[in-house]
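In: This is the structure alone, sequence omitted:
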């Protein structure tokens, strides 16, 4: 009893400072409804964080539908001032990310969470803290249809996710689905359409870089695609720790697989050489470089000049009777001469 009395005598600012040292630790050593000494204070509703007491909960504490607050008339254990300060602490903790900070508070105090309520709260002037505006909007629109507690939010998100997940190959083959049966055969069921797309695109990229991979490398490639999909999803969620771990695992798996990457410098040179060879093949056959006599008179212009220009002139100038083998027709005089 003496220990509790000493704790109550500490100043409010001291208790707040101690409780706010970590966003995950709140001083709950004194029950908020613990009756103070009748000689000093008769107020019965006490804040766990700052130690301040009030006669009424309604004006100083926030409501929560979570069952753990039923015995406390449905009010959370910290006052509104401490709630706002705690929210600011979480904003710093999450590097200014309001969505993460509010989700954290909803999880801790059992409030329903939905992005629509956060969006609506941002449209209100900043006369109060963001969490105050959020609490004012959480029971409206889509958020109200989800439920009243954070557990309801989890169920809603799970059901929404389940609606996107492919559960069978037959579902993938349906007209409504954009997922191919090949993708389901390759990756299995239980992923969203977005997951399949991420893995398929990464698979194609790795196969382009490693067209002659063996069976073991094919297994590694599939593992890398799954890791890349998890990396992407972690990045979308803002889970930097998970993303870093997956990136490290991806790097180790890639090294173990012995796969090659596109070397920009070498590849650019190879690509230029390939284009050059293709151009040569298109306009100058490779056989020319093996036997240059083979295509010496490819268009037959030289042969035409010999037959119909040089031969007649030679006959005229020298008196010879060279005849064109293709157009020469023997007559009787020729037979007599022979």
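Out: Arrived safely. In this text the structure is predicted, and so the values were computed from the model without any measurement. Residues are numbered from 1 along each chain as shown.

In: any low-confidence regions in this structure?
Out: Using pLDDT under 70 as the threshold, the predicted model of the chain has low-confidence ranges 1-43, 125-128, 141-145, 160-178, 261-295, 298, 328-338.

In: Regarding it, what is its longest strand?
Out: Ranked by residue count and defined by DSSP state E, the top strand of the chain is strand 75-79.

In: Output the contacting helices and strands for that one.
Out: Using 3 or more CB pairs under 8 Å, 6 or more residues apart in numbering; DSSP states H and E as the contact criterion, the neighbours of strand 75-79 among helices and strands are strand 61-63. To be clear about C-beta, it is placed using only N, CA and C from the backbone, and glycine gets the same treatment.

In: Show me what the strand it packs on is packed up against.
Out: Strand 61-63 is packed against strand 75-79, helix 80-93, with contacts defined by 3+ CB pairs under 8 Å, 6+ apart.

In: sorry, back to before: and the angle from the longest strand of the chain to helix 80-93?
Out: Counting by axes from the mean of the first three to the mean of the last three CA atoms, to 10 degrees, strand 75-79 lies at 80 degrees to helix 80-93.

In: who does strand 75-79 pair up with?
Out: Taking DSSP bridges as the criterion, strand 75-79 pairs within the sheet with strand 61-63 (antiparallel).

In: residues in contact with the partner strand?
Out: Here strand 61-63 makes contact (CB atoms under 8 Å, 6 or more residues apart in numbering) with 45, 47, 74, 75, 76, 78, 79, 80, 83, 109, 135.

In: right, and the pair among these with maximum separation?
Out: Greatest spatial distance in the contacts of strand 61-63: 45 and 135, 18.5 Å, computed using CB to CB.

In: Settle it for me: which of these two has more neighbours?
Out: A direct count of neighbours by other CB atoms under 10 Å for residue 45 and residue 135 places residue 135 higher, at 23 against 19.

In: Where does that one sit: helix, strand or coil?
Out: Per DSSP: H, G, I helix; E, B strand; the rest coil, the local secondary structure of residue 135 is helix.

In: thought it was touching residue 111?
Out: Yes: shown here, residue 135 and residue 111 form a contact pair, counting by CB atoms under 8 Å, at 7.0 Å.

In: Show me the domain layout of this structure.
Out: 1-80, 94-164, 178-257, 297-337 (automatic domain parsing).

In: How about the contacts made by residue 309?
Out: Remark: with contacts taken as CB under 8 Å, 6+ apart, residue 309 is in contact with nothing.

In: you'd agree it is in a strand?
Out: No: for residue 309, which was evaluated using three-state DSSP, the result is helix, with no strand membership.

In: Could you measure from residue 48 over to residue 54?
Out: According to CB to CB, to the nearest Å, residue 48 stands 13 Å off from residue 54.

In: So those two - more neighbours on which side?
Out: Comparing residue 48 with residue 54 by neighbour count (other CB under 10 Å), the higher total belongs to residue 48, at 19 against 16.

In: which stretches of the stretch 151-300 of the chain form strands?
Out: Taking DSSP state E, counting those that start in this stretch as the criterion, the stretch 151-300 of the chain carries no strands.

In: Wait, residue 68 touches residue 109, no?
Out: No: using CB under 8 Å, residue 68 is not in contact with residue 109, being 9.5 Å away.

In: Of the two, which one has the most company?
Out: Neighbours per residue, other CB under 10 Å: of residue 68 and residue 109, the larger number sits with residue 109, 22 against 11.

In: Which strands and helices lie in contact with the longest helix seen in the chain?
Out: Ranked by residue count and defined by DSSP state H, the top helix of the chain is helix 215-237. Packed against helix 215-237 by the contact rule (3+ CB pairs under 8 Å, 6+ apart) you find helix 181-187, helix 193-209, helix 240-257.

In: 7 Å instead?
Out: Helices and strands in packing contact with helix 215-237 are listed as helix 193-209, helix 240-257; criterion 3 or more CB pairs under 7 Å, 6 or more residues apart in numbering; DSSP states H and E.

In: hmm, back to that, now for the domains of the chain, which one comes closest to residue 87?
Out: Nearest to residue 87 among these is domain 94-164; the distance by CB to CB comes to 4.3 Å.

In: what angle do the longest helix of the chain and helix 193-209 make?
Out: Per the same axes, to 10 degrees, the angle that helix 215-237 makes with helix 193-209 is 140 degrees.

In: Helix 240-257 and helix 215-237, what's the angle between them?
Out: Computed by the same axes, to 10 degrees, the angle separating helix 215-237 from helix 240-257 equals 170 degrees.

In: Okay, buried residues for helix 215-237 please.
Out: Of the residues in helix 215-237, 217, 220-221, 223-234 count as buried by neighbour count, 16 or more other CB atoms under 10 Å.

In: thought residue 227 was touching residue 249?
Out: Yes: using CB atoms under 7 Å, residue 227 is in contact with residue 249, at 6.0 Å.

In: As TSV, the helices and strands packed on strand 61-63 with distance to residue 326 and mean neighbour count would be great.
Out: Listed next are the helices and strands packed on strand 61-63 as TSV, based on distance: least, CB to CB, whole Å; neighbours: other CB atoms under 10 Å:
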stretch	distance to residue 326	mean neighbour count
strand 75-79	108	23
helix 80-93	96	18
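
In: among those, which is nearest residue 60?
Out: Distances from residue 60 to each of the helices and strands packed on strand 61-63 were compared using CB to CB; the minimum, 5.0 Å, belongs to strand 75-79.
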